[in-house]
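Participant: Prediction below, plus the sequence it came from.
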Amino acid sequence: RLLIVDFGSQVTQLIARRLREAKVYCEIHPFQAVDNAFLQDFAPRAVILSGGPASVLDEGAPLPPPEVYDLGVPVLGICYGQQAMMHQLGGRVESGHHREFGRAFVLPAGGHSSDRIFRGLFDHGKEEVWMSHGDRVTELAPGFEVIGTSQNAPFAIVSDPERQFFAVQFHPEVHHTPNGRLILQNFTRLAGFNGDWTMAAYKEEAIEKIRAQVGDAKVICGLSGGVDSSVAAVLIHEAIGDQLTCVFVDHGLMRQGEAEEVVTLFRDHYNIPLIHADEAELFLGELEGVSDPEEKRKTIGRLFIDVFQKHAGEIGGAEFLAQGTLYPDVIESVSFAGGPSVTIKSHHNVGGLPEKMGLKLVEPLRELFKDEVRKLGEELGLDERFIGRHPFPGPGLAIRCPGEITRDKLDILRRADAVYIDQIRQHGLYDEIWQAFVALLPVRTVGVMGDGRTYDYACALRAVTSVDGMTADYYPFSHEFLGETANRIINEVTGINRVTYDITSKPPGTIEWE
Ligand code: XMP
């Protein structure tokens, strides 16, 4: 296995992700945990030293144990990792007079760029890379030579071919270093990994970790019907069986057939103990007369916690709460914690629950990205149609029904949404779209159907492309598609007589209407 020593970079997980893409098994361990005894015990076949915010020039700067260089295995230092390596092996690091952030180009510097680790690099002369550093190396440690150089980083890529030590000033793990994955893959191959690790193996390891963490304690999991919580639940169930109980809080704001689907899938198909908390009466009752978006969100959030607590209490003696937190959720909450950002929407999640209920967390998907969760889901036998589902917000249809919510309106919205999604699937567009839904507008307009006058609701179709939901573009449907869909909705859904298409991007709009 490969060891990644984490010095606290925001993108350390991306190194692991690239290695998983190269089908290599790796583990990330924080530098505090990595001492010589750990190294001997772990016996890595290769080591990567990550980037990080510290400066090796500071007193008490985090460093790997010097024995890491005596293991006789390849070592790759990235950014701070490079500086640590040079500092420890006899080179020199200075505080950067030229801080360098963003795109840079690295040119070959004459060293042994034909070495296996650099195979495929510099084929087109220069390499585009992503830099983010203040300090920089100004003198190489003995045995090292320069392979690549950039305007502000004379030692952008260095290597000691003899000992198989390599170091780069830039971040090969980020998307903005197009050939970075090649460097990482080459590094693993040179270290003797042949790329035969699979998601099936990941699953087994994750199961072992869950067993080790949970022991014979009871775990509860809030199931939303979304991909993340579902994959987490199925995985945990494989690990600890009926020590897991799922609680599905059904707020009556799900889409057509969705609640039944969740219950059938988990209870009947997977045999997972599931409490179906059918609380539509409660939620819809409390939401009566509420039309302000934030008030809706807060009401739903508060009730959700109450209901979840009530049902979780019935299980009795649970020590853990399982959550489908993904890596992007982790970085976002870390990098924005305490930041001066304003609340655009009060997102609904179970954030405060663990403390409130005195529960410890099990988060088996914390290291994964969305597409990897989907792969893991496939591995667990979850249906492709289920895994590929568009995201659905916690507050459900409440925020797709601007103004006051009524059962009638929800019913109309559900039927229109089902027709729209059916159209998208039939035209083979579902997987190209990040999210698509209907919003029922609180406006009635006049129409004519047959020989009669109608006075019904208008709705808006929404479909966006996005990579992470943070920014989004509207999806460019053809006019034929839009025309056909509008026709079907008006013909098949009593209560709607006008259809519009929302072509706002995010920003300035948001994906949901509220
Ligand atoms: P917005 O509307 O903020 O949505 O552009 C971005 C993404 O987040 C989803 N969303 C939510 N997800 N709880 C969730 O779990 C929420 O309260 C919530 N509000 C919005 C939205 O569907 C989109 O994918």
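Facilitator: Good, I have the coordinates.

Participant: Output the longest helix belonging to the chain.
Facilitator: helix 293-315 (DSSP state H).

Participant: which residues are in contact with that one?
Facilitator: Here helix 293-315 makes contact (CB atoms under 8 Å, 6 or more residues apart in numbering) with 218, 220, 222, 245, 247, 249, 251, 253, 275, 277, 279, 282-283, 286-287, 290, 318, 321, 345-348, 350, 352-353, 356-357, 394-396, 398-399, 402, 405, 514. C-beta here means a position set from N, CA and C on the backbone, and glycine is covered the same way.

Participant: what does stretch 11-24 give?
Facilitator: Contacts for stretch 11-24 (CB under 8 Å, 6+ apart): 2, 4, 6, 25-26, 28, 48, 50-51, 78, 171-174, 180-181, 184-185, 188, 193, 195-198, 202, 327, 331, 367, 369, 372.

Participant: Can you turn the buried part of the residues you listed into a PyMOL selection?
Facilitator: Restricted to buried positions by 16 or more other CB atoms under 10 Å, the PyMOL selection for these reads:
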select buried, resi 2+4+6+25+26+28+48+50+51+78+171+172+173+174+180+181+184+185+188+193+197+202+327+367+369+372
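
Participant: Give me the subset of the contacts of stretch 11-24 lying in strands.
Facilitator: 2, 4, 6, 26, 28, 48, 78 (DSSP state E).

Participant: give the contact list for the first one.
Facilitator: Spelled out, that is residue 2. Per CB under 8 Å, 6+ apart, neighbours of residue 2: 19, 24-27, 44-48, 188, 191, 193.

Participant: Of the residues you listed, which is the nearest to residue 420?
Facilitator: Comparing the contacts of residue 2 against residue 420 with CB to CB places residue 19 closest, at 40.2 Å.

Participant: State the helix or strand in which that closest one lies.
Facilitator: helix 12-21 (DSSP states H and E).

Participant: okay, the angle between that helix and strand 2-6?
Facilitator: Interaxial angle of helix 12-21 relative to strand 2-6 (axes from the mean of the first three to the mean of the last three CA atoms, to 10 degrees): 170 degrees.

Participant: Go through helix 12-21 and flag the buried ones.
Facilitator: So for helix 12-21, counting by 16+ other CB under 10 Å, buried means 12-20.

Participant: That helix - what's its average pLDDT?
Facilitator: Confidence for helix 12-21, expressed as mean pLDDT, is 91.

Participant: what about it, distance to the chain center?
Facilitator: 13 Å (CA atoms, centre = their mean, to the nearest Å).

Participant: mind saving the C-alpha coords of that helix as CSV?
Facilitator: C-alpha atoms of helix 12-21 as CSV (Å, rounded to 0.1, in the frame of the first residue of the first chain):
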residue,chain,number,x,y,z
THR,A,12,-4.9,16.1,-0.1
GLN,A,13,-8.0,14.0,-0.8
LEU,A,14,-7.6,14.6,-4.4
ILE,A,15,-4.3,12.8,-4.3
ALA,A,16,-6.1,9.8,-3.0
ARG,A,17,-8.7,10.2,-5.6
ARG,A,18,-6.2,10.3,-8.5
LEU,A,19,-4.5,7.2,-7.0
ARG,A,20,-7.9,5.4,-6.8
GLU,A,21,-8.4,6.3,-10.5
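
Participant: related to what we said a few turns ago, tell me how far the longest helix of the chain is from the chain's mean position?
Facilitator: 24 Å.

Participant: Using CSV, list the CA coordinates for that helix.
Facilitator: Extracted C-alpha coordinates of helix 293-315, given in CSV (Å, rounded to 0.1, in the frame of the first residue of the first chain):
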residue,chain,number,x,y,z
PRO,A,293,-39.1,30.5,1.9
GLU,A,294,-36.8,30.8,4.9
GLU,A,295,-39.7,30.2,7.3
LYS,A,296,-40.6,27.1,5.3
ARG,A,297,-37.1,25.8,5.4
LYS,A,298,-36.7,26.4,9.1
THR,A,299,-40.0,24.9,9.9
ILE,A,300,-39.2,21.7,8.0
GLY,A,301,-35.7,21.6,9.5
ARG,A,302,-37.0,21.9,13.0
LEU,A,303,-39.8,19.3,12.6
PHE,A,304,-37.3,16.9,10.9
ILE,A,305,-35.1,17.0,14.0
ASP,A,306,-38.0,16.5,16.3
VAL,A,307,-39.4,13.6,14.4
PHE,A,308,-36.0,11.9,13.9
GLN,A,309,-35.2,12.2,17.5
LYS,A,310,-38.6,10.7,18.5
HIS,A,311,-38.2,7.7,16.3
ALA,A,312,-34.5,7.2,17.0
GLY,A,313,-35.4,7.3,20.7
GLU,A,314,-37.7,4.3,20.1
ILE,A,315,-34.8,2.2,19.0
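
Participant: Pull up the pairing partners for the next helix or strand after that helix, direction included.
Facilitator: Going down the chain from helix 293-315, the next helix or strand is strand 318-322, by DSSP H and E. Strand 318-322 sits in its sheet next to strand 218-223 (parallel), strand 360-362 (parallel), going by DSSP bridges.

Participant: Let me see the mean pLDDT of strand 318-322.
Facilitator: Strand 318-322 comes out at a mean pLDDT of 93.

Participant: quick one, it and helix 293-315 angle?
Facilitator: Using the same axes, to 10 degrees: strand 318-322 against helix 293-315 is 140 degrees.

Participant: Extract the CA atoms of strand 318-322 and return them as CSV.
Facilitator: The C-alpha trace of strand 318-322 is given here as CSV (Å, rounded to 0.1, in the frame of the first residue of the first chain):
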residue,chain,number,x,y,z
ALA,A,318,-28.0,3.7,19.7
GLU,A,319,-24.5,5.0,20.0
PHE,A,320,-23.8,6.1,16.4
LEU,A,321,-25.5,8.2,13.8
ALA,A,322,-24.6,7.3,10.2
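
Participant: So residue 456 is in contact with residue 443, correct?
Facilitator: No: using CB atoms under 8 Å, residue 456 is not in contact with residue 443, being 9.9 Å away.

Participant: Looking at those two, which has the bigger crowd around it?
Facilitator: Set side by side, residue 456 and residue 443 show more neighbours around residue 456, with 19 against 12, by other CB atoms under 10 Å.

Participant: roughly how far apart are residue 317 and the ligand?
Facilitator: Note on residue 317: its distance to the ligand, by CB to the nearest ligand atom, to the nearest Å, is 28 Å.

Participant: List the buried residues in the longest helix of the chain.
Facilitator: 293, 296-297, 299-301, 303-305, 307-308, 311-312.

Participant: Now render the residues you listed as a markdown table, adding distance to the ligand and pLDDT.
Facilitator: Output for the buried residues of helix 293-315, formatted as a markdown table (distance: CB to the nearest ligand atom, whole Å; pLDDT from 0 to 100):
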| residue | distance to the ligand | pLDDT |
| --- | --- | --- |
| 293 | 10 | 95 |
| 296 | 10 | 96 |
| 297 | 6 | 93 |
| 299 | 12 | 95 |
| 300 | 8 | 94 |
| 301 | 8 | 89 |
| 303 | 13 | 93 |
| 304 | 10 | 90 |
| 305 | 13 | 87 |
| 307 | 16 | 91 |
| 308 | 14 | 89 |
| 311 | 20 | 87 |
| 312 | 19 | 84 |
